[in-house]
Every structure is written in structure tokens, then in C-alpha cells.
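A.B. asks: Fold the following and give me the result.
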Amino acid sequence: MRSAPVVGGVNVTRGNGEIIRMRRGASIADFADKIETLTGYTVQPGTLVTILFNLGEMATATESLDEATFEVLGEELGYKIQMVSPEDEDKELLEGFGLDLEAELEAESEDDLEIRPPVVTVMGHVDHGKTRLLDAIRQTNVIEGEAGGITQHIGAYQVWTEHEGIERAITFIDTPGHEAFTAMRARGAQVTDLAILVVAADDGIMPQTVEALNHAQAANVPIVVAVNKVDKPDANPSKVRQQLTEYGLVAEEFGGDVMFVDVSARANTGIQELLDAVLLTADAGLDLTANPNKAARGVAIEAKLDKGRGSVATVLIQSGTLRIGDAIVAGTAYGRVRAMADENGEQVLEAYPSRPVQVQGLNSVPRAGDVFIVTEEDRMARQIAEKREAVERNAQLAKARKRISLEDFTRALEEGKVESLNLIIKGDVSGAVEALEESLLKIEVDDSVQLRIIHRGVGAITESDVNLATIDNAIIVGFNVRPDTKARERAAREGVDIRFYSVIYNAIDEIESSLKGMLKPEYEEVQSGVAEIREVFRSSKFGNIAGVIVRSGTITRNAKARVIRDGVVLADGLAIESLRRFKDDVTEVRTDYEAGIGLGKYNDIQIGDEIETTEMVEKPRG
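C.D. replies: Below you'll find the predicted structure:
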């Protein structure tokens with residue numbers, strides 16, 4: 001390579017408006033390589049560091065930079081910077097392995113395609129009955145396991161119904177109702193063919209109804225409106241139809257093309273009519289076909305870490321057929337499919353297009369919305385995952401870097417105004433962790449305060465999380481998870497603050513208040529005791545009684561309680577309704593003593609579970 005000409009005292013090649021494509025999280029060294037490839041001149045990264053320094057920006061040669069910094073540097077050197085989108089970036093990465101998914105689809109002929117079931121997303125405002133409607137459709141009961149009756153996770157289910165004398169399958173995706181899960185809901189719209197918009201007949205159009213509608217329309221999918229709770233005395237289905245005309249949804253009875261169905265999930269009425277409306281709408285406006293005779297392609301709908309089974313991902317097959325033994329890569333996770341199960345826990349050997357299945361065998365937990373593909377061999381899957389992980393890490397570093405001029409930085413240091421709130425996020429499923437992270441990063445605060453998420457993960461809070469929090473002076477946010485014994489002891493010893501949440505917007509509100517300096521809680525929840533279940537006694541009169549030994553603190557009758565299994569909160573909002581030592585009723589049991597605990601109507605307990613009791617303690621205002 002030739003040396004660059006000397007311009008302005010330094011060796012640097014200036015451009016003439018040429019376009020340089022940069023990936024997310026690239027460094028100055030990467031930029032120097034791009035210039036070298038384009039011009040044929042060798043460019044030293046240190047030279048670019050000097051130029052950037054003269055422009056009032058500080059960076060090292062290997063530090064990941066954000067788009068704005070590259071634009072400043074490019075403008076100074078006469079180049080136009082074009083950042084590669086995440087989609088294009090991943091497409092180019094896969095093409096490097098000989099996997100061109102778009103070309104693969106274009107090459108398919110009509111003879112290769114077969115009819116597949118429609119994939120339906122259920123959307124709507126919080127508490128308008130989406131989950132209860134799905135309960136009615138699939139005759140199960142998910143809602144009791146949700147905190148505050150709000151769906152916290154995405155689930156996918158396939159149901160069968162008779163339509164015009166033929167048994168037809170429909171795949172349903174249940175999306176969370178709260179606005180904090182916007183990213184997950186948007187992903188639901190991306191993988192879906194048709195949306196059911198649930199609106200309560202007694203409540204009408206609400207902010208999240210409009211938000212859900214916008215997502216469905218942006219994804220360009222047909223909509224069927226389910227007017228729920230029509231059995232209520234103050235229900236007004238006509239008002240709902242009238243309100244939705246303002247948003248471009250005109251009912252068939254008003255001369256439009258949108259099917260409205262009056263349903264009552266609680267009374268189990270109108271369900272068959274809704275399923276018929278879904279199939280009629282799908283048949284009328286959609287060409288639902290896929291090629292089942294190739295390697296599977298699809299999307300991870302949800303994923304979690306299970307102590308007994310490892311990483312468990314719910315995936316939706318979009319084309320091809322997924323089989324046990326296939327080498328698979330989903331985002332930065334890879335592995336071989338060890339086992340597959342349907343939504344009822346039944347083992348599945350093959351999964352065809354539009355089929356949601358739970359997959360075991362991945363080495364880590366993929367994120368909700370990650371595209372998965374089947375590769376020819378394990379080595380290719382691992383290499384793709386590792387390259388994606390490197391790209392993702394660089395992108396995170398660029399995202400975390402806060403642009404600040406030399407003058408501003410010096411002044412802020414002198415005034416002691418540079419502050420940072422470091423967070424570690426752990427949750428029970430990947431979708432919740434990602435939604436919480438995205439919501440927190442959108443919090444707008446003063447420039448003098450910086451929010452940094454230094455780690456996120458799925459599963460119980462571990463000792464290594466506490467160690468990381470100790471080093472970086474971070475707060476740990478646990479969403480539906482708890483620390484294990486070692487982590488709890490270490491956190492107490494090191495003074496690490498661990499916050500626990502079961503509803504996502506409580507976490508967002510509290511952290512936003514902390515950032516804005518407005519957090520002045522009067523009370524805080526304090527752990528008062530932990531008991532380990534050693535035996536479970538069955539009683540026809542009192543239900544299941546837990547035979548426990550108190551591991552720490554004091555267990556008090558009528559105290560608030562939660563059940564924890566493998567570090568994950570299984571049930572919250574319970575109470576110690578009965579407390580006995582041998583045959584005597586007692587008011588409290590202290591550490592290292594055995595006791596019998598009754599949790600009222602809650603019976604889902606087993607040996608090895610922990611019962612944690614808490615009390616609200618007044619917190620001094622600081």
C-alpha cells in the first residue's frame with residue numbers, strides 16, 4: 001500500500017464525497033481500513049484520532065463510535081458516511097456463509113408451496129380481556145399466573161376449529177398489553193398475518209387500543225375487531241364501532257370491509273363466530289403458503305432459562321420443517337434441537353410452517369424476535385452466532401458511549417456534574433428483559449445524568465451479578481426473579497442494592513424517579529424471613545401444608561409471602577394464613593426451627609421451594 005499524501009501537516013487522504021458504509025459499533029481503526037480499501041492509501045488510525053481530537057471529540061482507535069461521531073469525522077475528511085442497518089448487516093453476514101434468505105424465497109415455485117394456517121396476533125388495551133379471550137379459545141387459564149392480571153410474556157398457541165365443514169388450524173400470538181412492551185408487540189405484528197383488536201364494550205377506545213391499531217396498520221395486516229365484555233350491563237358495542245370509524249376501521253354493517261364480532265370471554269359467547277371471522281378474513285385477502293420441504297426458517301417468540309432443561313425457546317416456523325437433531329442458530333444463540341414440545345407439553349418430532357413449538361438445545365437464551373435458521377452443520381451455526389455476538393457487543397458499546405465535547409467534559413468534571421446510574425437487569429424471560437431495557441433507555445433526563453445498562457440476562461440473580469454490581473457500583477433490577485442464597489449473602493455484605501419487580505411499569509416509574517431525583521418512597525419492602533420446604537402434607541380440608549425449616553429471619557402468621565422456585569418467583573401476593581409448630585398454632589417461628597405453613601388456597605408447592613415473607617418498613621427520607 002502507498003502512504004497517504006501529507007495534508008495540513010498529517011498524512012491523510014481526503015475524499016471527494018465518496019460513500020463509506022460503516023457497520024454499527026465500528027471503530028476509528030475500521031474507518032481507516034475502509035479509507036484504505038477505497039483509495040489504496042495506508043491511513044494510520046492514530047492520525048484520525050488526532051483529527052477527531054481537534055474537532056473536540058475524544059476516542060481511542062479501537063473504541064466503538066456512534067453514528068454522529070462518524071458523520072463529524074467523515075464530513076471533515078470529505079466522505080459521506082452511510083451506516084448499515086441491523087437488517088442489512090445481518091443479511092450481509094449470512095450471505096458470507098452462503099445463506100441468502102431472500103433469494104431462497106424468490107427461487108421457490110408455486111409447486112413448492114403448500115397452504116399453511118394463519119398466524120393471528122391478539123392486541124388491545126390493558127385489561128380489555130385479551131388473555132381471557134385466549135383462555136376461552138384454548139380452554140386454559142393463563143391469566144391467574146400473571147401479575148396484576150397483566151400479561152407479561154408473549155405466548156404462542158395453535159388451536160383447531162371446524163370452518164365450513166373442514167377442520168382448520170389457527171396460530172395465536174398473545175402479546176403483552178402494557179405500552180412498555182411496545183417492542184415485543186411490534187415484533188408480534190411482524191410475524192403475524194392478521195390481527196385481532198380486542199376492545200371492551202364498556203370501556204371503548206383507549207390509548208393502547210390506538211397504539212395496537214397503529215402497529216397492526218404499520219405491519220399492513222388485516223384486522224378483525226373483537227368487541228369484548230358485551231355481557232356487561234353498561235356495554236355499548238355500537239359506540240365502539242362508531243369510535244373506530246375515526247381510525248379507518250369501518251364495520252361491514254356500516255358499509256366497510258372490517259369484520260366486528262361481539263364476544264364475551266367470561267360468558268364464552270361469540271368465540272366460534274370470532275374464529276370464523278378470522279378464517280374468512282384470511283381466506284379473502286391473504287395468500288397463506290409456505291414451502292415445508294426445506295430447512296426451517298422462523299422467529300423466536302419467547303425464551304427463558306429452565307433449571308432442568310436449560311435454554312427453552314418458543315419459536316414460530318415461517319417456512320420449512322424443523323426436526324429434532326437440526327443445527328439451529330437464533331440471534332447469538334446456537335445449538336442442536338434436542339427436543340420439541342407443543343403448547344400442551346406434548347413431544348413433537350417435526351414442526352411445519354405456522355407451528356409454534358418449544359425448542360431445547362440452544363447454548364444460551366435468544367431474544368424475543370430473533371430470527372432463527374437451520375444450518376447444514378453445527379460449526380456454521382456457532383460461527384454465525386459468534387459473529388453476531390461480536391457485532392452486537394460493538395453496537396452496545398457505541399450505544400453506551402455518550403458524546404461530549406472536551407470543553408463540556410472539563411467543565412462537568414470541575415463542577416462534579418458527571419453522574420451515572422449503572423443498572424444490571426435480570427428477568428425470567430428474554431422478552432421482558434429486552435422490553436424493560438428499551439423502555440429505560442428511552443427515559444429522558446438532564447445531560448448531567450447518564451443511564452448505563454452494564455449487563456442483562458435471563459435467570460436467577462447470581463453471585464457473579466452481585467460481583468459485577470460491586471465493581472461498577474450498579475443497582476440490580478430483578479424482574480420476576482430472586483437472588484440465590486450466595487448472591488443474597490454477598491449483596492448484604494457488599495451493600496449492593498437489589499430491586500425486585502413483577503410489573504414492568506413499576507420498575508420504569510421508580511428508576512425514572514431516581515434519575516430525576518424525585519424518588520422519595522415512604523415505605524420499602526424488607527425481607528423478614530425465608531423458609532425452605534422440606535415436606536408437603538396433603539389435607540382434604542386445608543389443602544397442601546408446607547413442612548418447612550426457617551433458614552433466616554422470622555416467619556410471622558398473616559405476613560405477606562411469595563413462593564420461589566429455582567430463583568424465580570412462582571407466586572406473589574400470598575399470605576401465611578396458618579402457622580403451626582407440631583400441633584400448636586403459633587404467631588411466629590424463628591431461624592432453624594421447623595414449622596407447618598398453610599398458604600390458603602394456593603397449593604402449587606413442592607419440596608425444595610422457598611417461602612419468603614416480607615414486611616413494609618418506613619424508609620427514612622434522605
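A.B. asks: can you pull out the strands in the stretch 501-622 of the chain?
C.D. replies: For the stretch 501-622 of the chain, the strands defined by DSSP state E, counting those that start in this stretch occupy 523-539, 543-556, 560-565, 568-575, 578-581, 584-585, 588-590, 594-598, 610-618.
A.B. asks: can you list the weak-confidence ranges in the stretch 451-600 of the chain?
C.D. replies: Within the stretch 451-600 of the chain, the segments meeting pLDDT under 70 span 515-522.
A.B. asks: one more time with 90, if that's ok
C.D. replies: The model of the stretch 451-600 of the chain has pLDDT under 90 over residues 451-459, 462-475, 484-486, 488-499, 502-526, 538-543, 573, 582-583, 600.
A.B. asks: The stretch 301-450 of the chain too?
C.D. replies: In the stretch 301-450 of the chain (pLDDT under 90), the answer is 301-310, 331, 342-346, 366-371, 387-423, 428-450.
A.B. asks: what's the answer for the stretch 151-300 of the chain, then?
C.D. replies: 151-165, 173-192, 202-221, 234-235, 247-248, 253-255, 265-268, 285-287, 299-300.
A.B. asks: the strands in the stretch 1-150 of the chain, which residues?
C.D. replies: 2-3, 6-7, 10-11, 18-22, 41-42, 79-83, 114-115, 119-124.
A.B. asks: Just give me how far the longest one sits from the chain centre.
C.D. replies: Relative to its parent chain, strand 119-124 has a centroid offset of 17 Å by Cα atoms, centre = their mean, to the nearest Å.
A.B. asks: quick one: the longest helix along the chain to chain centroid distance?
C.D. replies: Counting residues, the longest helix in the chain under DSSP state H turns out to be helix 378-400. Its chain's C-alpha centre and that of helix 378-400 lie 18 Å apart, by Cα atoms, centre = their mean.
A.B. asks: related to what we said a few turns ago, out of the strands of the stretch 1-150 of the chain, deepest packed?
C.D. replies: Highest mean neighbour count among the strands of the stretch 1-150 of the chain (mean count of other Cβ atoms under 10 Å): strand 119-124, with a mean of 27. The way it works is simple: take the backbone N, C-alpha and C, and place the C-beta from them, glycine included.
A.B. asks: Direction included, what does that one pair up with?
C.D. replies: Using DSSP bridges, strand 119-124 pairs in its sheet with strand 166-174 (parallel), strand 194-200 (parallel).
A.B. asks: can I get those in TSV with distance to L440?
C.D. replies: Below are those laid out as TSV (distance: least, Cβ to Cβ, whole Å):
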stretch	distance to L440
strand 166-174	24
strand 194-200	28
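A.B. asks: Quick check: which of these is buried the most?
C.D. replies: Highest mean neighbour count among the strands paired with strand 119-124 (mean count of other Cβ under 10 Å): strand 194-200, with a mean of 26.
A.B. asks: Let me know which of the strands of the stretch 501-622 of the chain is the nearest to I196.
C.D. replies: Closest to I196 of these is strand 568-575 (Cβ to Cβ; 29.4 Å).
A.B. asks: residues of the closest one that come out buried?
C.D. replies: Using 16 or more other Cβ atoms under 10 Å as the test for burial, strand 568-575 gives V568, V569, L570, A571, D572, L574.
A.B. asks: ok so, going back, and R562, which of the strands of the stretch 1-150 of the chain is closest to it?
C.D. replies: R562 sits nearest to strand 119-124 of all the strands of the stretch 1-150 of the chain, at 28.7 Å, using Cβ to Cβ.
A.B. asks: nearest spatial neighbour of A282, skipping sequence neighbours?
C.D. replies: Spatial nearest neighbour of A282, chain neighbours left out: P118 (4.1 Å); criterion: Cβ to Cβ, 6 or more residues apart in numbering.
A.B. asks: Got the phi and psi for the one you found?
C.D. replies: Per-residue torsions, P118: phi -70, psi 150 (degrees, to the nearest 10).
A.B. asks: on that earlier part again, with mean pLDDT added, can I get the strands of the stretch 1-150 of the chain in JSON lines?
C.D. replies: Formatted as JSON lines, those follow (pLDDT from 0 to 100):
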{"stretch": "strand 2-3", "mean pLDDT": "44"}
{"stretch": "strand 6-7", "mean pLDDT": "41"}
{"stretch": "strand 10-11", "mean pLDDT": "46"}
{"stretch": "strand 18-22", "mean pLDDT": "86"}
{"stretch": "strand 41-42", "mean pLDDT": "79"}
{"stretch": "strand 79-83", "mean pLDDT": "88"}
{"stretch": "strand 114-115", "mean pLDDT": "92"}
{"stretch": "strand 119-124", "mean pLDDT": "88"}
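A.B. asks: Which among the ones you listed is found nearest to A531?
C.D. replies: Judging these by Cβ to Cβ, what sits closest to A531 is strand 119-124, at 39.1 Å.
A.B. asks: Nearest to Q243, out of the strands of the stretch 1-150 of the chain?
C.D. replies: Nearest to Q243, of all the strands of the stretch 1-150 of the chain, is strand 119-124, at 13.4 Å by Cβ to Cβ.
A.B. asks: what about the most centrally placed residue in the chain, helix or strand, and which?
C.D. replies: Compute the mean C-alpha point of the chain, and by Cα atoms, centre = their mean the closest residue is G431, 1.5 Å away. G431 belongs to helix 430-441 when assigned by DSSP states H and E.
A.B. asks: how about that helix: buried residues?
C.D. replies: Quick answer for helix 430-441 (16+ other Cβ under 10 Å): S430, G431, A432, V433, E434, A435, L436, E437, S439, L440.
A.B. asks: before we move on, the earlier item: kindly present the strands of the stretch 1-150 of the chain as JSON lines, with separate columns for distance to V357.
C.D. replies: JSON lines is the format used below for these (distance: least, Cβ to Cβ, whole Å):
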{"stretch": "strand 2-3", "distance to V357": "57"}
{"stretch": "strand 6-7", "distance to V357": "60"}
{"stretch": "strand 10-11", "distance to V357": "58"}
{"stretch": "strand 18-22", "distance to V357": "38"}
{"stretch": "strand 41-42", "distance to V357": "53"}
{"stretch": "strand 79-83", "distance to V357": "36"}
{"stretch": "strand 114-115", "distance to V357": "18"}
{"stretch": "strand 119-124", "distance to V357": "14"}
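A.B. asks: L52 is nearest to which of the ones you listed?
C.D. replies: So among the strands of the stretch 1-150 of the chain, strand 10-11 is nearest, using Cβ to Cβ, at 12.0 Å.
A.B. asks: any idea how far R367 lies from Y501?
C.D. replies: According to Cβ to Cβ, to the nearest Å, R367 stands 20 Å off from Y501.
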